[in-house]
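S.K.: What follows is a predicted protein model with its sequence.
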Number of protein chains: 2
Amino acid sequence: MNSNSNGRVPVPTLERLATYLRFLIDLEQSGVDTISSAEVERQTGINAAQFRKDLSVFYPYFGEFGKPGVGYNVSELKRRIARILKIDTEQRIVLVGAGNLGSALVGYPGLKEHHFTLVAVFDNNTAKIGQPLWGLTIHDVHRITDINLDLQARIAILAVPATSAQHVAELLVEAGIRAILNFAPVLLRVPEHVFVRNVSFLQELAVLSYHLSTADEGEEDHLSPKEAQQTFGAKSPDPDALEIEAAHSPTARTRKQE
Amino acid sequence: MNSNSNGRVPVPTLERLATYLRFLIDLEQSGVDTISSAEVERQTGINAAQFRKDLSVFYPYFGEFGKPGVGYNVSELKRRIARILKIDTEQRIVLVGAGNLGSALVGYPGLKEHHFTLVAVFDNNTAKIGQPLWGLTIHDVHRITDINLDLQARIAILAVPATSAQHVAELLVEAGIRAILNFAPVLLRVPEHVFVRNVSFLQELAVLSYHLSTADEGEEDHLSPKEAQQTFGAKSPDPDALEIEAAHSPTARTRKQE
DNA sequence: CGTCATTTGTAACGAATTTCACAAACGACT
DNA sequence: AGTCGTTTGTGAAATTCGTTACAAATGACG
């Protein structure tokens, strides 16, 4: 087999898989049924050999798939990647921190498309507890262990201030959460079996800010093309419906966006 | 010198620099005035040698700084990293897409702390144009070239749906924007001199989801400790004030959070 | 002033990741 | 069936990134 000598898949590979998945979903909705790695490169900016190699990691487990001279079947490939990422089946997630950011995140319409279901919202602000958010009632964060006994969610979105992040993370672990998407700029200390991924908005801006400065001085090149691009293909742009806005009614799954 | 043979700084290094900066700001506010690389490792999870090497990249331009046997002066180091990342001086940014996510992002209180100033908000929804957001008026996105002639912002946050992202990106480029933080899951095609950074919420969740699945099967290890941790040190947790909430009044800079 | 414990800066190494390059597989077409 | 253009899967090379290891620098202390 091709993957690591140990059985672990590199994080960069997983990130790209998520990109492929999203791309494939769009392709399928456009009625395309076969795609080559070269075309993937054209539309996502990810090297064709990289794409093939990323898939090859899973051949030992799922069997080969592409057909030489033809390419990959879009629907089937989509199904496989979804299965690899375990989002072929519903994944329950909870949100902690019902502030602006948390609220916006879980309102993101793409969540449903990707089989993520928000099953509970927590906060510790008494003014918020009991209030509704996206159809759920905001609960006291200290009740999370109780509540998650039923819900059995294993993924949490942590959108609380840095000062309380560690404390809340400990509550989450106690409640059986095993993966945390952390938006607070702190190092979370968690047991080994809990996975943390950090997202830092300011970090991203800082990187942009640096590049801006280097582009000014002189005329030399600043950044390799592949650096600037990690996501995937823009199709025919539709200049209407501009803002990212969550679907308010539970049935509004028609608008393809996210 | 130590950096790349060419003059470019690796993105991972820049990301860590942003982490150090944030950490140093907190340290300074706690009254600490000297720190060693070993202590940085303890509190941020980033290897001490990595920290020293990251700094050494800039010694050719800024001179050395740490003192053997002593460590680094917190304030001075903070100043330097801010200067490297060009956030020692105000950076004007614009937001395009005044939906939930965009609104939450620019309301993030840490922006001001890091010298990022939101100078304009754009959208194309007529219902939103003219309305206020965080003290600014939402403008029609088609007026951006005009408006940015005065404002001269060079960084944009792009929080629009995938379908319009490419179109809007072109407007941004035309308006003189040179760095884009893109939240839409599409590959933006922009001129070489424009930098794009993509942030994908769903991608992060997908990675977590995968890890969850592998953790289940068998008892073997799943992830190296360094994998789970990229941000920095939690200090004494304060279990109050839970959600990330933007400061509503312009003067509310006192709450140290974010 | 000399010794000692500490910490920096960096060269050398090693690991991880990406890209290249090509044999083998496939379908179309004659 | 045989040839041709295309595309996959993958070993090997190349590149990028992180870690280890250690000489040199510093301050504290006798």
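M.R.: Done, it's in. Remember, it's a predicted structure, so these values are computed and weren't measured experimentally. Numbers count the residues shown, from 1 in each chain, chains lettered A, B, ... in the order given.
S.K.: what are the ranges of the strands in the stretch 51-200 of chain A?
M.R.: A:72-73, A:91-96, A:116-123, A:132-133, A:136-140, A:155-158, A:179-182, A:195-198 (DSSP state E, counting those that start in this stretch).
S.K.: Distance to A:Leu14 added to those, as a markdown table?
M.R.: From N, CA and C alone the C-beta is placed, and that goes for glycine too. Shown next, in a markdown table, are the strands of the stretch 51-200 of chain A (distance: least, CB to CB, whole Å):
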| stretch | distance to A:Leu14 |
| --- | --- |
| strand A:72-73 | 19 |
| strand A:91-96 | 15 |
| strand A:116-123 | 16 |
| strand A:132-133 | 30 |
| strand A:136-140 | 29 |
| strand A:155-158 | 15 |
| strand A:179-182 | 12 |
| strand A:195-198 | 10 |
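S.K.: Now that we have those strands, can you turn them into CSV and tack on mean neighbour count, mean pLDDT and distance to DNA strand C?
M.R.: Output for the strands of the stretch 51-200 of chain A, formatted as CSV (neighbours: other CB atoms under 10 Å in any protein chain shown; pLDDT from 0 to 100; distance: least, CB to the nearest atom of the strand, whole Å):
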stretch, mean neighbour count, mean pLDDT, distance to DNA strand C
strand A:72-73, 20, 98, 11
strand A:91-96, 24, 96, 24
strand A:116-123, 22, 96, 25
strand A:132-133, 13, 94, 37
strand A:136-140, 18, 96, 36
strand A:155-158, 26, 97, 22
strand A:179-182, 25, 97, 18
strand A:195-198, 22, 96, 14
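S.K.: What residues does chain A have near DNA strand D?
M.R.: A:2, A:36-38, A:48-49, A:52-53, A:55-56, A:59, A:64-72 (CB under 7 Å from any atom of the strand).
S.K.: List only those of these flagged as buried.
M.R.: Neighbour-count burial (16 or more other CB atoms under 10 Å in any protein chain shown) applied to those gives A:36-37, A:55, A:66, A:71-72.
S.K.: Now the element after the helix or strand where A:Leu21 lies, going C-ward?
M.R.: Assigned by DSSP states H and E, A:Leu21 falls within helix A:11-29. Using DSSP H and E, the next helix or strand after helix A:11-29 towards the C-terminus is strand A:34-35.
S.K.: Give the buried residues for whatever helix or strand comes next after that following strand.
M.R.: Going down the chain from strand A:34-35, the next helix or strand is helix A:37-44, by DSSP H and E. By neighbour count on 16+ other CB under 10 Å, the buried set for helix A:37-44 is A:37, A:39-40, A:43-44.
S.K.: Tell me the gap between stretch A:15-23 and the middle of its chain.
M.R.: 9 Å (CA atoms, centre = their mean, to the nearest Å).
S.K.: and it, anywhere near chain B?
M.R.: Yes: judged by CB under 8 Å from any CB of the partner chain, stretch A:15-23 comes into contact with chain B at A:15, A:17-19, A:21-22.
S.K.: sorry, back to before: of the buried residues of helix A:37-44, which are in range of chain B?
M.R.: Counting by CB under 8 Å from any CB, the members of these near chain B are A:43-44.
S.K.: Redo the buried residues of helix A:37-44 as TSV? Include pLDDT and distance to A:Gln203.
M.R.: Listed next are the buried residues of helix A:37-44 as TSV, based on pLDDT from 0 to 100; distance: CB to CB, whole Å:
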residue	pLDDT	distance to A:Gln203
A:Ser37	97	32
A:Glu39	97	33
A:Val40	97	28
A:Gln43	96	28
A:Thr44	96	23
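S.K.: Distance to DNA strand C for the buried residues of helix A:37-44 - can I get that in TSV?
M.R.: Below are the buried residues of helix A:37-44 laid out as TSV (distance: CB to the nearest atom of the strand, whole Å):
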residue	distance to DNA strand C
A:Ser37	9
A:Glu39	16
A:Val40	12
A:Gln43	15
A:Thr44	12
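S.K.: then stretch A:68-80 to CSV, C-alphas only?
M.R.: In CSV, the C-alpha atoms belonging to stretch A:68-80 read as follows (Å, rounded to 0.1, in the frame of the first residue of the first chain):
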residue,chain,number,x,y,z
PRO,A,68,-7.1,4.6,-17.4
GLY,A,69,-8.0,6.4,-20.5
VAL,A,70,-11.4,7.5,-19.1
GLY,A,71,-11.2,9.1,-15.7
TYR,A,72,-13.4,8.9,-12.6
ASN,A,73,-17.1,8.5,-12.3
VAL,A,74,-18.2,11.7,-10.4
SER,A,75,-21.1,10.2,-8.4
GLU,A,76,-19.2,7.1,-7.4
LEU,A,77,-16.1,9.1,-6.4
LYS,A,78,-18.2,11.6,-4.4
ARG,A,79,-19.7,8.7,-2.6
ARG,A,80,-16.4,7.2,-1.8
